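Asker: kindly return the folded structure for what I paste below:
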Amino acid sequence: MGVPVFPPPGAARVLAAAALFLCGVLTGCRLATLTFQSSRQATSARIVIPAAGALLSFPPTIRRLHINVGPNYSPITPPGDDPAAGVLAVEAQLEVASVLRERFARAHADRFFVISAALAGEQHVGFRSLNMYNHKGQSSSLAVAKADRPWSADGKETRIGRGVEFVPVLSLGRLLHAIPADISIPLLKTDTQGFDLAIIKSADRAALRRVDRVLAEVYGINKNYELPDGVVNGLDAWVPHMERMGFMLVNESNPGGGESDALFERVGDA
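Answerer: Numbering: from 1, shown residues only. Predicted coordinates for the structure are as follows:
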């Protein structure tokens, strides 16, 4: 039986459409009936509710999946010597995601997949503003750039309007749970302008240990963005968390510097 609620007249169709879009973006769904009631009449609308265990459907030939979060125009590509390996690119910028699909998904048919969304911590899941600093995608973030960054000034010729897009935001935990359990994940690579650790923290230990290696951008000092309260991305925060998850640091590209790439490997079996 439907549940009576009391939105303004005409809201049933709007709410149902919004629920359908959000569910389609975030996870698989099952249908349920919700009854909308105004002062004059009751209207039943079919909406969607997330269903547990809904999975992404990959070709049966894919047995290994490299995940590339924030690839911009330079994603990981499927290895030529491993036809059973694919790449899942998660790119927030709509224009960039479209280019990735056209350029790389065509070149690597059924082995290169694109999700047009941002990733962040579980508390940021939903819809958020993505700050763009040019129309070619060299710099963008859910955070706002610091005012002294030379590429953050208003009025740059390469920016589109005020430089903001509205994007769906997922969590890594939700993404990993949507990948079938019989597909292994050799590498998870992130480059998300300060949200990398928040993304990793959104996955529990069991989910994260499906990954063999994590390659992430870390900051010694964040010179570029004003990160939200509670969002940190320094190696001093990364190492203890990854150790708790059962990973060890094996390499850092720029020790002691501002930005660096840190490589973690899982200790023991998944």
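
Asker: sketch out the low-pLDDT regions of the stretch 151-270 of the chain for me.
Answerer: Applying pLDDT under 70 to the stretch 151-270 of the chain flags the ranges 151-162, 257.

Asker: strands of that one, start to end?
Answerer: 164-170, 185-190, 211-219, 225-226, 247-252, 259-266 (DSSP state E, counting those that start in this stretch).

Asker: how about the ones you listed in a markdown table, adding distance to Glu122 and mean neighbour count?
Answerer: Placement of C-beta: from N, CA and C, glycine included. Compiled in a markdown table, those are given as follows (distance: least, Cβ to Cβ, whole Å; neighbours: other Cβ atoms under 10 Å):
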| stretch | distance to Glu122 | mean neighbour count |
| --- | --- | --- |
| strand 164-170 | 10 | 18 |
| strand 185-190 | 16 | 21 |
| strand 211-219 | 18 | 21 |
| strand 225-226 | 20 | 18 |
| strand 247-252 | 20 | 15 |
| strand 259-266 | 20 | 19 |
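
Asker: of all these, which one is nearest Lys146?
Answerer: Lys146 lies closest to strand 225-226 among the strands of the stretch 151-270 of the chain, at 5.9 Å (Cβ to Cβ).

Asker: quick check: closest non-adjacent residue to the spatially most central residue of the chain.
Answerer: By Cα atoms, centre = their mean, the chain has its centre lying nearest to Leu119, at 2.6 Å. What sits nearest to Leu119 in space, not counting adjacent residues and going by Cβ to Cβ, 6 or more residues apart in numbering, is Ile199, at 4.8 Å.

Asker: before we move on, back to that, could I get the strands of the stretch 151-270 of the chain as CSV with distance to Ala105?
Answerer: CSV is the format used below for the strands of the stretch 151-270 of the chain (distance: least, Cβ to Cβ, whole Å):
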stretch, distance to Ala105
strand 164-170, 19
strand 185-190, 18
strand 211-219, 22
strand 225-226, 30
strand 247-252, 30
strand 259-266, 25
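
Asker: so how far is Arg266 from the residue lying closest to Ala270 once chain neighbours are set aside?
Answerer: Spatially, and ignoring its direct neighbours in sequence, Ala270 is nearest to Arg209 (4.9 Å; Cβ to Cβ, 6+ apart). Distance, Arg209 to Arg266, by Cβ to Cβ, to the nearest Å: 6 Å.

Asker: any common contacting residues for the two?
Answerer: Between them, Arg209 and Arg266 share these contacting residues under Cβ atoms under 8 Å, 6 or more residues apart in numbering: Gly246.

Asker: circling back to that earlier point, neighbours of the residue nearest to Ala270, how many?
Answerer: For Arg209, the neighbour count with other Cβ atoms under 10 Å is 19.

Asker: before we move on, what about Ser98?
Answerer: 13.

Asker: that older thread, quick one: contacts for the residue nearest to Leu119?
Answerer: 69, 119-121, 171-172, 190, 192.

Asker: and with 6 Å instead?
Answerer: 119, 172, 190 (Cβ atoms under 6 Å, 6 or more residues apart in numbering).

Asker: and what of Val164?
Answerer: Ser129.

Asker: shouldn't the residue nearest to the centre of the chain be in contact with Gly70?
Answerer: No: checked against Cβ atoms under 6 Å, the pair Leu119 and Gly70 is beyond contact range at 7.8 Å.
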